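In: Okay, here's the prediction I keep looking at, along with the sequence it came from:
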Amino acid sequence: MSVESRVEPSFDGRAPASAVLPETRYRPQFHGQAGEYFGIWIVNVLLSVLTLGIYSAWAKVRTERYFYGNTRLAGASFEYLAQPVQILKGRLVAYAVVITLAVAAKFQFLWVLVPLYLLIVALFPLVIRLGIAFRARYSAWRGMRFRFDGSTASAYGAYMGWPIVAMFTLNLLLPWVQSMQHRYLVAGHSFGGERFRYTGESGPYFPAFFIALGLGVLAMIALFGMIAVGAVFTGKQQAAAGATPGIASMAMIYGGILVFYAMVFAISIYLRTVWTNLLWNFTRLGEHRFESTLKPIEMIALYFSNGLAILFSIGLAVPWARVRVARYRAEHLVLVARGSLDDFIGQGAEKGSATGAELSQALDFDLDVAL
Amino acid sequence: MEGVLFTGRDSRPRPVLLAAGAPGHLVVTDLATGEATRHAMRDLTVSPRLGRAPRIVVLPDGGRIECPDGPAFDAWFATPSRIEAAADWLERRKWIALGAAALVALGSVGFVRYGLPATAKALAPRIPAAVESAMSRQALALMDRVELQPTRLPAARQAQLQAGFATLVRDLPRQRDMRLSFRRAKRIGANAFALPDGHLVMTDQLVALARSDAELLAVLAHEAGHHEHRHALRQTLESSGIVVLASLLFGDASGSSLTVSIPVVLLETGFSRNHEREADAFALDLLTRRGLPPAAFGDMLERLERAHLGKAGADLEVGYLSTHPPTAARIRAAREFPAIRAPARVPAAP
């Protein structure tokens, strides 16, 4: 036995020299298949339509369970534990709010619209916090649930305060806001008695943001260029013949708009991809860390081909598209474990007063707000 | 059957063997220690079946055993959820998937083409008039603030057109609601629109563009057609229906909202075009009945098209262009419209 491998307990009882512990790389594997998921998805759609949306809660749970259950990491699959009735409660609340908003907006009932809208804006960070906590509480791996205990005050900072501050800088501080939101998200989570840590700074978020801004300006120039060319053609034709303008010049104008939207879509995917990589690469769980290697260009190709397939199949390609995304994401994430993954400790039952428990049970539903 | 036990107290995987013991009992044997535990089946729950996803057996002490799916589960355990068992049965049948896909596709197309317009048509007359007038007041107030200026037409000219309009819409089923206003619109240019409550607005630029009053009355007849057919309300109802359908179809996908919004926009312009066709037919019929030349409508459309396309490149924001697309087909239809029609073709009131 060599001298190095004898691990002396340090003053806090932990194994001290992490360099001694071997690193193991675990890549998540996604086993879902488009054909199999198509059957699940189409039945979800059919039953949701036939039950006027009631079944969509069961559909959501089965979908989540399918993607969780088919994702394996280090020999165990993930579990989605929420019950359909909890999802249904949340959906009913969300539907009620959305329908009220839509009706009030259509018919310009300002005395309903304005207060409701303000209320939603005011509660937005709280809703986000509850949503994150719900998902964490009902996600499990190796028989243990995740936990999220980020504070409401911090949620208001990350999702309302700092974005407002950034607005005053013409949103030039948006990368910093994104980093603060990632910090809130990561540092609030824990698993098996071990807290996730966020080791990042906002600096690395900036370059991609400025590249995206530059590309956005290019997209604007391309748009106005094509419109200008189209307009000049239109004008010339009118002056020359007094006839209606040709299809070519109109195609130029509408083509310009189409190209612009495509570029904006691509730029937003680029930025999201780079920032997602940063989120994972800055995340630590105990001595373990993550490596995310999503490639922006591949993500753009993936989302564009998915979008086209969905559009031209009147939606029937959705299952195939979702499975592709899940597989790609799994293939580009690595959990770099330092030491064993077997040492997380279960936290047992949640503590808290009876009122707190009752209240959280009453509020224990997922509003299902997509971020 | 082999599985992996997670106790919930730590994250260590413990390979186990599951076997049916005495009737109604399951024996879990730890493969490392050989230690066996006996559980009554009725104390255990198992996760519902879903594709080839692993099944989870939950022990009374909170331990969870992850196993690959297999036929033993159905033999050993009661169905965890009737709804999910039925869903699973459906999900595993190829012909159901294909049939459901066809049904969803046909159903959506049928709903969009026939169901939704019919529903909107039936529902529109039941919406209280107060809603129509509230919508109209708000919309016109907004337009007056941002796009429209007070008319500069001389009072005599206005009175002349008002008189022509009154004769035009006399005896129409919803004539009582209809009134005409004039506005100047520097940015929009020559145009006319119908608000949901029967308030028709015509721009000074349109009056200037027309060569004859018959052409102006033709446009008003078209706008009156929108009101008679309650197109504003129907459009509102139809687009809400489309959004609901799209979110039902793709809501489960929760992917990019772009894939939802593009079909919605395409379908909405489809409804709008149908309404234009309906209003055109109404206008041509009405003009004929009043002894006005239907060709005047075609002439006016052609003039409008020239006026708007001339500046289409410079000013793409003319949204009205897309809702009132004067096309060659519409102009031709107006010019070829027989001047004398059988009385049976009098437009039916909705």
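Out: Now that the structure is in, tell me what you want to look at.
In: Quick check: chain neighbours aside, which residue is closest to A:G150?
Out: Of all residues not flanking A:G150 in the chain, A:G188 sits nearest, at 2.8 Å (CB to CB, 6 or more residues apart in numbering or on different chains). (C-beta placed from N, C-alpha, C; glycine too.)
In: residues in contact with that neighbour?
Out: Residues in contact with A:G188 (CB atoms under 8 Å, 6 or more residues apart in numbering or on different chains) are A:132, A:148-150, A:154, A:196.
In: And A:V103, by the same measure?
Out: Going by CB under 8 Å, 6+ apart, the list of residues near A:V103 reads A:F109.
In: what kind of secondary structure is it in?
Out: helix (DSSP: H, G, I helix; E, B strand; the rest coil).
In: For the stretch 201-350 of chain A, just list every one of the helices.
Out: Taking DSSP state H, counting those that start in this stretch as the test, the helices found in the stretch 201-350 of chain A are A:205-241, A:247-281, A:296-312, A:318-331.
In: Below-threshold pLDDT in the stretch 1-150 of chain A: ranges please.
Out: Low-confidence segments of the stretch 1-150 of chain A, defined by pLDDT under 70: A:1-19, A:106-108.
In: 80 instead, please
Out: Using pLDDT under 80 as the threshold, the predicted model of the stretch 1-150 of chain A has low-confidence ranges A:1-20, A:49, A:52-53, A:91, A:94-96, A:98-99, A:101-110.
In: for it, what spans make up the helices?
Out: Chain-ordered helices for the stretch 1-150 of chain A, with DSSP H, counting those that start in this stretch as the definition, fall at A:34-50, A:56-69, A:84-106, A:110-137.
In: got these as CSV, with distance to A:F168 columns?
Out: Below are those laid out as CSV (distance: least, CB to CB, whole Å):
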stretch, distance to A:F168
helix A:34-50, 43
helix A:56-69, 38
helix A:84-106, 28
helix A:110-137, 18
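In: Can you say which of those helices is packed in most?
Out: Of all these, helix A:56-69 carries the top mean neighbour count, a mean of 23, counting by mean count of other CB atoms under 10 Å in any protein chain shown.
In: Smallest distance to chain A belongs to which residue of the stretch 51-200 of chain B?
Out: With distances taken as CB to the nearest CB, the stretch 51-200 of chain B approaches chain A most closely at B:A53, which sits 3.2 Å away.
In: three-state assignment of that residue?
Out: Assigned with three-state DSSP, B:A53 falls in the coil class.
In: what does the one 4 residues further on give?
Out: Secondary structure state of B:V57, per three-state DSSP, is strand.
In: Test my guess that it contacts B:V16.
Out: No - using CB atoms under 8 Å, B:V57 makes no contact with B:V16, being 9.8 Å away.
In: Could you name every residue contacting both of the two?
Out: With the criterion set as CB under 8 Å, 6+ apart, the overlap between the contacts of B:V57 and B:V16 is B:3, B:65.
In: related to what we said a few turns ago, most neighbours per residue, which of the helices of the stretch 201-350 of chain A?
Out: Mean neighbour count, computed with mean count of other CB under 10 Å, is highest for helix A:318-331 among those, reaching a mean of 20.
In: Return the residues in contact with B:F111.
Out: B:F111 sits in contact with B:241, B:245, where contact means CB under 8 Å, 6+ apart.
In: What separation do you get for it and B:A118?
Out: Here the distance between B:F111 and B:A118 works out to 10 Å (CB to CB, to the nearest Å).
In: For the closest residue to A:F191 other than its chain neighbours, grab the count of nearby residues.
Out: Closest residue in space to A:F191, ignoring its immediate chain neighbours: A:F146 at 5.2 Å, by CB to CB, 6+ apart. A count of nearby residues for A:F146, using other CB atoms under 10 Å in any protein chain shown, gives 18.
In: Repeat that for the one 4 residues further on.
Out: Burial of A:G150 is recorded as 20 neighbouring residues (other CB under 10 Å).
In: Let me see the contact set for the residue nearest to B:R52 when sequence neighbours are not counted.
Out: Nearest-residue entry for B:R52: B:D69, 6.0 Å, with adjacent residues in sequence omitted and distances by CB to CB, 6+ apart. B:D69 makes contacts with B:49, B:52-55, as judged by CB under 8 Å, 6+ apart.
In: Which phi and psi values does B:D69 adopt?
Out: Backbone torsions of B:D69, given as degrees, to the nearest 10, read phi -60, psi 150.
In: Also the one 10 residues further on?
Out: Its backbone dihedrals place B:T79 at phi -60, psi 120, with angles given as degrees, to the nearest 10.
In: just B:F6 next, same as before
Out: Backbone phi and psi, for B:F6 under degrees, to the nearest 10, turn out to be phi -120, psi 120.
In: Now do the same contact list for it.
Out: Listed by CB under 8 Å, 6+ apart, the contact set of B:F6 reads A:76, A:142-144, B:12-14, B:63-66.
In: and if we set it to 6 Å?
Out: Contact partners of B:F6, counting by CB atoms under 6 Å, 6 or more residues apart in numbering or on different chains, are A:142-143, B:64.
In: Show me which of these is closest to A:A57.
Out: Using CB to CB, B:R64 is the member of those that sits closest to A:A57, with 23.5 Å.
In: Look up how far A:S313 lies from the closest one.
Out: Distance of B:R64 to A:S313, given as CB to CB: 38 Å.
In: Which one of those two is surrounded by more residues?
Out: Neighbours were tallied for B:R64 and for A:S313 using other CB under 10 Å; the higher tally belongs to B:R64 (21 against 14).
In: If I look at that one, what pLDDT would I see?
Out: Turning to B:R64, the model gives it a pLDDT of 90.
In: my guess is it meets A:R142, correct?
Out: No - in this structure, B:R64 is not within contact of A:R142 by CB atoms under 6 Å, at 8.6 Å.
In: what does chain A have sitting close to chain B?
Out: Where chain A comes near chain B, counting by CB under 6 Å from any CB of the partner chain, the residues are A:36, A:39-40, A:42-46, A:48-49, A:58-59, A:65-66, A:69-70, A:75, A:77, A:106-108, A:142-143, A:192, A:230-231, A:234, A:238, A:245, A:307, A:310, A:315-316, A:318, A:342, A:344-346, A:370.
In: Dump the helices of the stretch 201-350 of chain A to TSV, plus mean pLDDT and distance to A:W162.
Out: Output for these, formatted as TSV (pLDDT from 0 to 100; distance: least, CB to CB, whole Å):
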stretch	mean pLDDT	distance to A:W162
helix A:205-241	79	13
helix A:247-281	84	15
helix A:296-312	89	25
helix A:318-331	92	27
